[in-house]
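Novice: pasting a predicted model and its sequence here:
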Amino acid sequence: MLYVTSDLHYRLDAQGDKATENLAQFVNNRSTRSDTLCIAGDIGSSDESIADCLALFAGFKGFKCAIAGNHDIWTEEGDSLEHWKRLPDIFLKRDFWPLEAAPRVLGNLGLAGTIGWYDYSFRDESLGVPIEAYRAKQCDRFPGIWNDALYVRWSHSDESFTALTLDKLHRQVVSLENSGASEIIVLMHHLPTKKLLLPSWLVPKAWRFNNAFLGSDCYATMLAQHPRVRCVVSGHSHLRRTAEVDGRLYAGIGGDYLYKDLLTWDGKRIKRSRFS
């Protein structure tokens, strides 16, 4: 059984922490040595909270892996890229394989992973917002600012970091194909396709502006060229969503700051559980 969760945001809210602890107890108690646990980013907001969160899953009996989310690389000083590069050591110390560092083959199953990112391909052209507002991550027509503008500090543009993660993911998938994996599961934090977004008529205009920072279609376009990719699971949006794109399953995990969602995959179908 494959268990996937994300957006645990540990040490941010007491109620959310309790939900994470209940989820961890559930999967620890149910796990067997043949099971796999994946955490798709936004684990915590500091090295300490990330390590504390991963420690909750010490009782999981099978293979464990994790990727970073945007919150995991936030910093008020220093460089987010260097912080991102330090995370594999934190993961390994808690017995989680850093999937972004290298893919893994488990029997005939291949696992690939990336934080992903965004290049504004999810933007709603009908809003008429200039590209400069997306780069600034705020618009005078809508309240607030997308917090990556404040806490992601690096020399990359959003487009260049998206291209970097796309290339790394492509090389991982090719590596898994060459290794003989007959089925590949891809784990992402940001969304790989806009088909995991809510229909625009359900979303206020301010939220539709923020959709631009949820992911990029470039990932689904690349993955469409690799028929062994069976399922792509992502977090970030806090939406429970499922879509079929080019014959493969795409699933948004869900979860929020107060409650946490767990997705299970038995190779044929998805089951969802919620913890509070």
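Specialist: Cool, the structure landed.
Novice: helices along the stretch 151-276 of the chain, start to end?
Specialist: Using DSSP state H, counting those that start in this stretch, the helices of the stretch 151-276 of the chain run over 158-179, 205-210, 218-223.
Novice: in contact with Leu54, which residues?
Specialist: Ile39, Ile43, Ala66, Ile90, Phe91, Arg94, Asp95, Phe96 (Cβ atoms under 8 Å, 6 or more residues apart in numbering). Glycine gets a C-beta too; all of them are placed from N, C-alpha and C.
Novice: so which bits of whichever helix or strand it is part of are buried?
Specialist: Element membership for Leu54 (DSSP states H and E) is helix 47-55. Judged by neighbour count using 16 or more other Cβ atoms under 10 Å, the buried positions of helix 47-55 are Ser49, Ile50, Ala51, Asp52, Cys53, Leu54.
Novice: heading C-terminal from that helix, find the next helix or strand.
Specialist: Downstream of helix 47-55, the first helix or strand assigned by DSSP H and E is strand 63-67.
Novice: what pairs with that following strand, parallel or antiparallel?
Specialist: strand 36-40 (parallel), strand 97-98 (parallel) (DSSP bridges).
Novice: how distant is the last one from the center of its chain?
Specialist: The gap between the average C-alpha position of strand 97-98 and the chain average comes to 14 Å, counting by Cα atoms, centre = their mean, to the nearest Å.
Novice: got it, and stretch 110-121?
Specialist: For stretch 110-121, the distance to the chain centre is 8 Å (Cα atoms, centre = their mean).
Novice: tell me the average confidence for it?
Specialist: Stretch 110-121 carries an average pLDDT of 98.
Novice: could you dump that stretch to CSV, C-alpha only?
Specialist: Coordinates of each C-alpha in stretch 110-121 appear next as CSV, following Å, rounded to 0.1, in the frame of the first residue of the first chain:
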residue,chain,number,x,y,z
GLY,A,110,9.6,3.5,-9.4
LEU,A,111,9.2,6.7,-7.3
ALA,A,112,10.2,10.1,-8.6
GLY,A,113,9.7,13.4,-6.9
THR,A,114,10.1,17.2,-7.0
ILE,A,115,9.0,20.3,-5.2
GLY,A,116,7.8,21.6,-8.6
TRP,A,117,7.1,25.4,-8.8
TYR,A,118,5.2,27.8,-11.0
ASP,A,119,5.7,29.8,-14.1
TYR,A,120,2.3,31.6,-14.2
SER,A,121,0.8,29.2,-16.7
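Novice: assess the claim that Thr36 and Phe60 are in contact.
Specialist: No: at 9.3 Å, Thr36 does not count as touching Phe60 under the criterion of Cβ atoms under 8 Å.
Novice: Phe275: which of the buried residues of helix 47-55 is nearest?
Specialist: When the buried residues of helix 47-55 are compared for distance to Phe275 (Cβ to Cβ), Cys53 wins out at 13.8 Å.
Novice: with adjacent residues omitted, what lies nearest to that closest one?
Specialist: Nearest residue to Cys53 in three dimensions, chain neighbours excluded: Tyr10, at 3.6 Å (Cβ to Cβ, 6 or more residues apart in numbering).
Novice: likewise for Ser179?
Specialist: The shortest distance from Ser179 to any non-neighbouring residue, by Cβ to Cβ, 6+ apart, is to Val105 (5.2 Å).
Novice: fine by me, thanks again.
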